[in-house]
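Participant: Need a 3D model of the following:
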Amino acid sequence: MRGRIHALVSLAIAACVLALLSRNALAQDVTEPALKAAFIYNFARFTTWPTEATAVDSFQICVLNDSAVAEALERAVAGRSLTERPVSVTSVAAMAPKKACRVLYMAGLPVARAAEVVADLHDAPVLTISNIDGFVSAGGMTQFFFEHGQLRFRIRLESAKRAGLQISSRLLIMARPQ
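Facilitator: This is a model prediction of the structure:
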């Protein structure tokens, strides 16, 4: 039964990713940044924030140190909304405040620096995502990695709970162990 549920959830998320990608890339090959952008958007869709965290004008997805993913996200979320707010994508600097972000994707940093960025959020309701090796072990919430040529992810549920976020069981079922 669990295997069947896992297969159905995988199929549903794959359909969401394909729908998101096909909207903007009908005749193009799927690029790694576009695939990551689709996953980031869907992670946000399957996460619940505390009410006070969503009482803002827009749902802000921030990207640190990855302009290709930021551009792909801008295309992917154009005209979309999350938590009943329009989605905006912002590239942020390493030293800039990030507490206004609802999602923070970071790449290209040493894991120790990524851990500092996460620690600077002081349990703010920000879903942290990265492709940095060791990111979830360093306190981040979601980490991308490739396994047999496929994009996979890990989730550190304790970090999400500490920030007041609830991650859907649909994502947790698909996550690889830490």
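Participant: What's the local residue count around residue 127?
Facilitator: 23 (other C-beta atoms under 10 Å). For every residue, glycine as well, the C-beta is placed using N, CA and C.
Participant: need the contact list for the nearest residue to it once chain neighbours are set aside.
Facilitator: Nearest residue to residue 127, sequence neighbours excluded (C-beta to C-beta, 6 or more residues apart in numbering): residue 103, at 4.7 Å. Shown in contact with residue 103 (C-beta atoms under 8 Å, 6 or more residues apart in numbering): 40, 43, 44, 60, 61, 62, 126, 127, 129.
Participant: Tell me which residues touch the fourth one, please.
Facilitator: Put plainly, it is residue 60. Residue 60 touches 87, 88, 89, 90, 100, 101, 102, 103, counting by C-beta under 8 Å, 6+ apart.
Participant: And these, which of them are buried?
Facilitator: 87, 89, 90, 101, 102, 103 (16 or more other C-beta atoms under 10 Å).
Participant: which of the contacts of residue 60 has the weakest pLDDT?
Facilitator: Ranked by pLDDT, the contacts of residue 60 bottom out at residue 100 (90).
Participant: which strand is the longest one in this structure?
Facilitator: strand 85-92 (DSSP state E).
Participant: and the helix or strand just after that strand, which residues are buried?
Facilitator: Using DSSP states H and E, the helix or strand that follows strand 85-92 in sequence is strand 103-106. Neighbour-count burial for strand 103-106, with 16+ other C-beta under 10 Å as criterion, is recorded at 103, 104, 105, 106.
Participant: Cheers, nothing more for now.
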